[in-house]
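1. turn this into a structure:
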Amino acid sequence: MDENRITGAAKELGGKVQGAVGDVTGDRETQAKGTANEARGAVENLYGQAKDAVRDVADQAGGMAKDAIEQGRRAFPDAERTYRRGADTVTDYAKESPLMLAAMAGAIGYLLAMVVHGRR
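-> Numbers count the residues shown, from 1 in each chain. This is a model prediction of the structure:
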């Protein structure tokens, strides 16, 4: 539970008590301060609830992502090794022939632009 929820609830309760004291004594200033403190506490409590909700969603999303990765690894056990081997090959080629790799990347980019935008 978020700290803002606890302090907000305490401030909200304190504001209610302060407002009630103002009601009993007829002191409008105490009533107004109590109402304001109650509202501040309610807002802080809601802020804490929102933080808790975001944290819960983030935790669930992280768990879902981990599950998806594990399912992918089970379905395609060689994929990670193949990816690493391909990445190593490209890295080695880039070290040996950086200009050729740049030319190839430019050509691929040009062809993709032609496909996306069409010939004019």
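
2. what strand or helix carries Val116?
-> helix 98-117 (DSSP states H and E).

3. please apply the same query to Leu46.
-> helix 28-75.

4. before we move on, the earlier item: run the chain-centre distance for the helix holding Val116.
-> 35 Å (C-alpha atoms, centre = their mean, to the nearest Å).

5. show the subsequent helix or strand relative to the helix holding Leu46.
-> helix 79-96.

6. give me the most central residue, the protein.
-> For the chain, Ala58 is the residue whose C-alpha lies nearest the centre (C-alpha atoms, centre = their mean; 6.2 Å).

7. so for the helix holding Val116, mean pLDDT?
-> Mean pLDDT, helix 98-117: 90.

8. which strands or helices does it pack on?
-> In terms of contacts (3 or more C-beta pairs under 8 Å, 6 or more residues apart in numbering; DSSP states H and E), helix 98-117 is packed against helix 79-96. Where C-beta positions appear, they are placed from N, C-alpha and C, glycine not excepted.

9. one more time with 7 Å, if that's ok
-> Applying 3 or more C-beta pairs under 7 Å, 6 or more residues apart in numbering; DSSP states H and E, we find helix 98-117 packed against no helix or strand.

10. as CSV, could you dump the C-alpha coordinates of it?
-> Below are the C-alpha coordinates for helix 98-117, written out as CSV (Å, rounded to 0.1, in the frame of the first residue of the first chain):
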residue,chain,number,x,y,z
PRO,A,98,32.5,-1.0,-43.0
LEU,A,99,32.2,0.8,-46.3
MET,A,100,30.5,-2.1,-48.1
LEU,A,101,28.1,-2.5,-45.2
ALA,A,102,27.2,1.2,-45.3
ALA,A,103,26.6,0.9,-49.1
MET,A,104,24.4,-2.1,-48.6
ALA,A,105,22.4,-0.3,-45.9
GLY,A,106,21.9,2.7,-48.1
ALA,A,107,20.8,0.5,-51.0
ILE,A,108,18.3,-1.3,-48.8
GLY,A,109,17.0,2.0,-47.5
TYR,A,110,16.6,3.3,-51.0
LEU,A,111,14.7,0.2,-52.0
LEU,A,112,12.4,0.4,-49.0
ALA,A,113,11.7,4.0,-49.8
MET,A,114,10.7,3.1,-53.3
VAL,A,115,8.4,0.3,-52.1
VAL,A,116,6.8,2.6,-49.5
HIS,A,117,6.4,5.7,-51.6
